[in-house]
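Engineer: Quick one: sequence and predicted model below, then my questions.
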Amino acid sequence: MRAMSEQSRSSTGPGESLQRLAGQPETGSFIGMIVVVAFFMAAGGAAFRGAPGISSVLNMASEVGIIALPVGLLMIAGELDISVGAVVPAASLTVAIISGRYGAPDIVGILCALGVGLLVGFVNGLLVTRTRVPSLILTIGTMFGVMGLTLGLTILIAGSTGVFIVPSPAAEALFGQSIAGMFQVTIVWWAAFILVIYYLLHLSPTGNWIFALGGDRESARNAGIPTQRLTIQLYMLSGFAAAFVGVCQVMTFKSAQVAAGQSFIFNAIMCVVIGGVVLTGGRGSVIGIVFGTITFAVVNQGIFFTGVDPNVGSVIIGALLLIAVLTNDSFRAMALSYAAKKK
């Protein structure tokens, strides 16, 4: 009996392990990341494998990654936030106008900028929870609203679409400093965001609420989960992260432009999808989002080191997104098939 039991465990063990592995949201994104990194390490030459290439990848990954993390939480909860691309320049210009043009302490400008992000997130969450309009449509509306206000107020106050600032040494060291002349301090902030969001999604009870929200909102509400409050809080976190990146940008480049930040709208979503988050909600992981962000940054920056026409980069990124979605669906179907066979 004992021998038969051991034989049974050994025969089912690999299948169960494969099922668990295929069922992890980050499995497909990890494989994709390894393939992409290996390709560009070989094609990009010594420069890409050295500090210049690594720093360019991490610098880009850190900025888009800070925004992708809370956007990923929203997508796991079954929602979308397109307004992040408008919050980034709004926050940058808030700091530049308050602290640069009017000479207020940098801390005042920074707090006001973060407040702008929280306010936009609160409005998004309030509209999503109080109306039946899809979050995609609502956040597109708030995006254009914030863009219009940012442009109008900037021209009214500064007389142009750009504002310069000379940050204090402390503010620049915290948000705009370069480490070893190449690595931006946002990399450190990205690591901090990863730890906080990982705890929130995978270790705290709130994480179960987020997954339940994306799985079945009505059942989550019936189970006593504060769905409306949680949705508003997730949107406020997304707005805060976008505003934080805006603060880092204005401290790094010492200027703010109305048109900056629009690339974050879809870049963050692509990082999340490449990271294995299901568009319908209820499935995803922080590690997968990090893998997706690194993959996106490697492709985006690796193009410049290979000597290929930069316009081809968009084609590669688009193909990568499609492959990521198909791969994630395949791994999910594999996990479901193993689960069905087990029953």
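Structural biologist: Looks like it arrived, so ask away. All figures in this text were calculated on a predicted structure; none of them were measured in a lab.
Engineer: Run through the residues that contact the most centrally placed residue in the chain.
Structural biologist: Against the mean C-alpha coordinate of the chain, by Cα atoms, centre = their mean, the closest residue is Ala68 at 0.3 Å. Counting by Cβ atoms under 8 Å, 6 or more residues apart in numbering, Ala68 touches 267-269, 271-272, 275, 289, 292-293. The C-beta positions use only the backbone N, C-alpha and C, and glycine is treated the same way.
Engineer: Retrieve the pLDDT associated with Phe48.
Structural biologist: Phe48 carries a pLDDT value of 86.
Engineer: Tell me where the stretch 151-300 of the chain has strands.
Structural biologist: 162-164, 178-179, 183-184, 255-257 (DSSP state E, counting those that start in this stretch).
Engineer: Mind giving me the packing neighbours of the last one?
Structural biologist: In terms of contact count using 3 or more Cβ pairs under 8 Å, 6 or more residues apart in numbering; DSSP states H and E, strand 255-257 is assigned the packing partners helix 84-95, strand 162-164, helix 227-253.
Engineer: The residue lying closest to Ser160 once chain neighbours are set aside - how many residues pack around it?
Structural biologist: Of all residues not flanking Ser160 in the chain, Thr154 sits nearest, at 7.4 Å (Cβ to Cβ, 6 or more residues apart in numbering). Thr154: 23 surrounding residues under other Cβ atoms under 10 Å.
Engineer: give the contact list for Thr154.
Structural biologist: Per Cβ under 8 Å, 6+ apart, neighbours of Thr154: 93, 97, 160-161, 163, 258.
Engineer: Just confirm Lys168 contacts Val108, I think it does.
Structural biologist: One thing to correct before we go on: residue 168 is Ser, not Lys. No: applying Cβ atoms under 8 Å, one finds Ser168 not in contact with Val108, separated by 11.5 Å.
Engineer: one step back: list only buried entries from the contacts of Thr154.
Structural biologist: The neighbour-count test (16 or more other Cβ atoms under 10 Å) marks 93, 97, 163, 258 as buried among those.
Engineer: Just read off the phi/psi values of the last one.
Structural biologist: Main-chain torsions, Val258, degrees, to the nearest 10: phi -60, psi -40.
Engineer: any idea how far it is from Thr161?
Structural biologist: 4 Å (Cβ to Cβ, to the nearest Å).
Engineer: Mind listing the shared neighbours of the two?
Structural biologist: 151, 154.
Engineer: low pLDDT regions in the chain?
Structural biologist: The chain contains residues with pLDDT under 70 at 1-23, 313, 321, 324-325, 328-343.
Engineer: What is the neighbour count of Asp81?
Structural biologist: There are 34 residues near Asp81, going by other Cβ under 10 Å.
Engineer: That one and Tyr235 touch, don't they?
Structural biologist: Yes: Asp81 lies in contact with Tyr235 (Cβ under 8 Å); the separation is 6.3 Å.
Engineer: Report the set of residues contacting both of these two.
Structural biologist: 74, 121, 124.
Engineer: quick one: the host helix or strand of the second one to chain centroid distance?
Structural biologist: Looking back up the chat, that one is Gly121. In the assignment (DSSP states H and E), Gly121 maps to helix 106-130. Counting by Cα atoms, centre = their mean, to the nearest Å, helix 106-130 is centred 17 Å from the centre of its parent chain.
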